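> coords below, sequence missing:
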């Protein structure tokens, strides 16, 4: 989830979204939702080649907000042609963006586009990533607080920082330091911490934490975390965070960030973070771990396969610390099996669609034809946590078993369990 995907927040950001006739009230009914989606897609296909950077940002925001208004399994995707045209135009308009003027319009547009990749669960193309790198290297110091948080989320959750190669050298009389675009964004976030709304702070803190957690080549910014925890200590749950899901999500992300810092380098001792983080935020995170589960037929089938091989399998079992849920727990072997469905992988608009099709055959439903084989950053983080808590972690991606007959799937699961040492090669239990 994201802090900017509600109708009120997003509509304030871009009130002229009506240009594309995608008013959020249209999303109430499925038929109206599909109409709005088709209208947006058609408008983008007609006009992408002559859009300004502002209009590209609005169009990407519109796609992202419509998508975020649906449950994950019902979230649609733009047609490939429309999205690729939009990305090409994004790269072109970023090259001529002007940052630092009083209105900060281009800063808002680049932040919106970057966040839209996160909300649409996709990664920028290589050309778009290079363009974002160059633009953000220029804009990092002038991004306002909200735009800074949006950009951090977009870059972190999509793994885009890995494609950044712009570097700036700063030389003093005694030292020479090199900073990347990501470094510049984090430093600007540190300076803007006290200007951020609580929800923006929660997601910015999560973004900075997850990058250094999954990528050991990107050192954490201790200065940022010191400032972020100090600001967090001034907040009060129930007062500074809204009631309902958005507030709970923000609290949970604060705790997730804390866990990543604690597990990675232990630089977040209890004394360094606010007391409520170990109560309200922890409870919000653990409630998600316990309740926000999606036990599908995929999970059921894999658990059944494990049981047919003589193992005792528990579905959706919590780790001992209560912070993480395992899809299938094989407690006797301190092993878990994670069944990763499409939601664990980015949507890929670069993949050619079959039979020349360029439209989701079932608008308003998940379009699995665009699924990539690239795992999301948050799934990378999950695996790192789980490997610290269980001796064996076996990940079964959906595309490995998709279309298999039951006997074929059981044989596949057997082979994976043997490779992990849960079963011996002769199929006898250890």
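Arrived safely, thanks for sending. This one's a predicted model, so the numbers in the text were calculated from it and none came from an experiment.
> surely residue 418 is in contact with residue 394?
No: in this structure, residue 418 is not within contact of residue 394 by C-beta atoms under 8 Å, at 10.5 Å. Glycine gets a C-beta too; all of them are placed from N, C-alpha and C.
> pick out whichever of those two has more residues nearby.
Per other C-beta atoms under 10 Å, whichever of residue 418 and residue 394 has more neighbours is residue 394, with 21 against 15.
> next, the more buried one: secondary structure please.
Using DSSP: H, G, I helix; E, B strand; the rest coil, the structure places residue 394 in strand.
> for residue 199, give me its contacts.
The contact partners of residue 199, taken as C-beta atoms under 8 Å, 6 or more residues apart in numbering, are 3, 241, 242, 246, 247, 250.
> please apply the same query to residue 162.
By C-beta under 8 Å, 6+ apart, the contact list for residue 162 reads residue 215.
> quick check: pLDDT value at it.
On the pLDDT scale, residue 162 is placed at 94.
> helix/strand/coil for it?
What three-state DSSP gives for residue 162 is helix.
> what lies in contact with whichever strand or helix holds residue 86?
When secondary structure is defined using DSSP states H and E, the element that contains residue 86 is helix 80-94. Residues lying outside helix 80-94 but in contact with it, judged by C-beta under 8 Å, 6+ apart, are 41, 44-45, 48-49, 51-53, 56, 59-60, 63, 77-78, 110, 113, 124-125, 127-128, 130-132, 134-135, 349-353, 358, 370.
> returning to that earlier point: return a PyMOL selection command for the buried portion of the contacts of residue 199.
What follows is the PyMOL syntax for the buried subset of the contacts of residue 199, where burial is set by 16 or more other C-beta atoms under 10 Å:
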select buried, resi 3+241+246+247+250
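> which one of the contacts of residue 199 is nearest to residue 161?
Nearest to residue 161 among these is residue 3, at 19.4 Å by C-beta to C-beta.
> what segments of the protein are strands?
Taking DSSP state E, the strands of the chain run over residues 167-171, 176-180, 314-318, 325-330, 335-340, 345-347, 371-375, 392-397.
> got a markdown table for those strands, with distance to residue 282 and mean pLDDT too?
A markdown table is the format used below for the strands of the chain (distance: least, C-beta to C-beta, whole Å; pLDDT from 0 to 100):
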| stretch | distance to residue 282 | mean pLDDT |
| --- | --- | --- |
| strand 167-171 | 38 | 63 |
| strand 176-180 | 33 | 72 |
| strand 314-318 | 14 | 91 |
| strand 325-330 | 15 | 94 |
| strand 335-340 | 22 | 95 |
| strand 345-347 | 29 | 90 |
| strand 371-375 | 27 | 82 |
| strand 392-397 | 23 | 96 |
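> dump those to TSV, plus distance to residue 97.
Supplementary listing: these in TSV, determined by distance: least, C-beta to C-beta, whole Å:
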stretch	distance to residue 97
strand 167-171	18
strand 176-180	19
strand 314-318	46
strand 325-330	43
strand 335-340	37
strand 345-347	25
strand 371-375	28
strand 392-397	38
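> out of these, nearest to residue 214?
For those, proximity to residue 214 was assessed by C-beta to C-beta; strand 371-375 is nearest, at 10.4 Å.
> I'd like to know which elements that closest one is packed against.
strand 345-347 (3 or more C-beta pairs under 8 Å, 6 or more residues apart in numbering; DSSP states H and E).
> roughly how far is the strand it packs on from the heart of the chain?
10 Å (C-alpha atoms, centre = their mean, to the nearest Å).
> so what touches it?
Counting by C-beta under 8 Å, 6+ apart, residues outside strand 345-347 touching it are 77, 120-123, 158, 367, 370-376, 379, 397.
> identify the farthest-apart pair in those.
Most distant of those, by C-beta to C-beta, are 120 and 397, 20.8 Å apart.
> the two: which is more packed in?
The residue with the greater number of neighbours, taking residue 120 and residue 397 and applying other C-beta under 10 Å, is residue 120; the counts read 25 against 16.
> got the contact list for that one?
When contacts are counted by C-beta under 8 Å, 6+ apart, residue 120 is found next to 60, 63, 64, 67, 77, 78, 347.
> distance check, the nearest residue to residue 417 once chain neighbours are set aside against residue 416.
With C-beta to C-beta, 6 or more residues apart in numbering as the measure, residue 423 is the residue that lies nearest to residue 417, at 4.5 Å, once sequence neighbours are left out. From residue 423 across to residue 416, the span is 9 Å (C-beta to C-beta, to the nearest Å).
> over to residue 127?
37 Å.
> circling back: who's more crowded, residue 423 and residue 416?
When residue 423 and residue 416 are compared on other C-beta under 10 Å, the one with more neighbours turns out to be residue 423, at 22 against 18.
> is it true that the more buried one touches residue 308?
No: shown here, residue 423 and residue 308 do not form a contact pair, counting by C-beta under 8 Å, at 11.9 Å.
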